[in-house]
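Undergrad: no letters, just coordinates:
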């Protein structure tokens, strides 16, 4: 029986969608299998993200614990600090195509578009009771060789772990602090500027 999604809700001042309020990045994962239909729902959510010229420049390389050899190849890319992610049933590398298919011109918004697709995946995960965590801490050179990614055409953006919530009591003390840390965000006044740029901490 999967554990309930751990609550660490946003302390929002204004109304936001409930799935946005619930989404955060837990570090306690279960290795319990995720149903294939749910995995495909994650990819379906990615498909429907907006993108320049509708080119959908995102790609995801993934493996589950049901494919040990492929899973270990992905897990070997994780930095030591992100070792907790190896408990998750699903690991993936989110990639972005650098050029437009149309005339092979550089795509100025390829990372922006790919970020939108990744967020769709994360919100879909939350809606299904799955924990998801995005990580920049991985072998950013070895990823191209180990996964056969053409570096001149594709940028490996981030790794992700997805799984049912796990048992927090099995975490190290450091990870328990991370798991239970109160979420914080900059105030709206610091990120939203009416009319033109104003002096602000960058």
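TA: Here it is on my side, so go on. All values reported here derive from a predicted model rather than from experimental measurement.
Undergrad: so in terms of bridging, what pairs with residue 59?
TA: Residues in a beta bridge with residue 59, per DSSP bridges, are residue 95.
Undergrad: gap between it and residue 147?
TA: Counting by Cβ to Cβ, to the nearest Å, the gap from residue 59 to residue 147 is 11 Å. Using the backbone N, CA and C atoms, a C-beta is placed for each residue, glycine as well.
Undergrad: next: residue 29.
TA: Distance of residue 29 to residue 147, computed by Cβ to Cβ: 22 Å.
Undergrad: tell me which of these two has more neighbours.
TA: Legend: neighbour count by other Cβ atoms under 10 Å for residue 29 and residue 147, higher for residue 29 (25 against 16).
Undergrad: now the more buried one. Its backbone dihedrals?
TA: Backbone geometry at residue 29, expressed as degrees, to the nearest 10, gives phi -120, psi 150.
Undergrad: give the contact list for it.
TA: Residues near residue 29 by Cβ atoms under 8 Å, 6 or more residues apart in numbering: 84-85, 87-89, 131, 133, 161, 163-166.
Undergrad: how about residue 87, what does it touch?
TA: Contact analysis of residue 87 by Cβ under 8 Å, 6+ apart lists 28-31, 163, 166.
Undergrad: switch the cut-off to 10 Å
TA: Each residue near residue 87 by Cβ atoms under 10 Å, 6 or more residues apart in numbering is listed here: 27-31, 65, 161, 163, 166-167, 170-171.
Undergrad: any chance of the residues you listed in a markdown table, plus distance to residue 139 and secondary structure?
TA: Converted to a markdown table, the contacts of residue 87 look like this (distance: Cβ to Cβ, whole Å; DSSP: H, G, I helix; E, B strand; the rest coil):
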| residue | distance to residue 139 | secondary structure |
| --- | --- | --- |
| 27 | 20 | coil |
| 28 | 24 | coil |
| 29 | 20 | strand |
| 30 | 25 | coil |
| 31 | 22 | coil |
| 65 | 20 | coil |
| 161 | 15 | strand |
| 163 | 21 | strand |
| 166 | 24 | coil |
| 167 | 28 | coil |
| 170 | 26 | helix |
| 171 | 24 | coil |
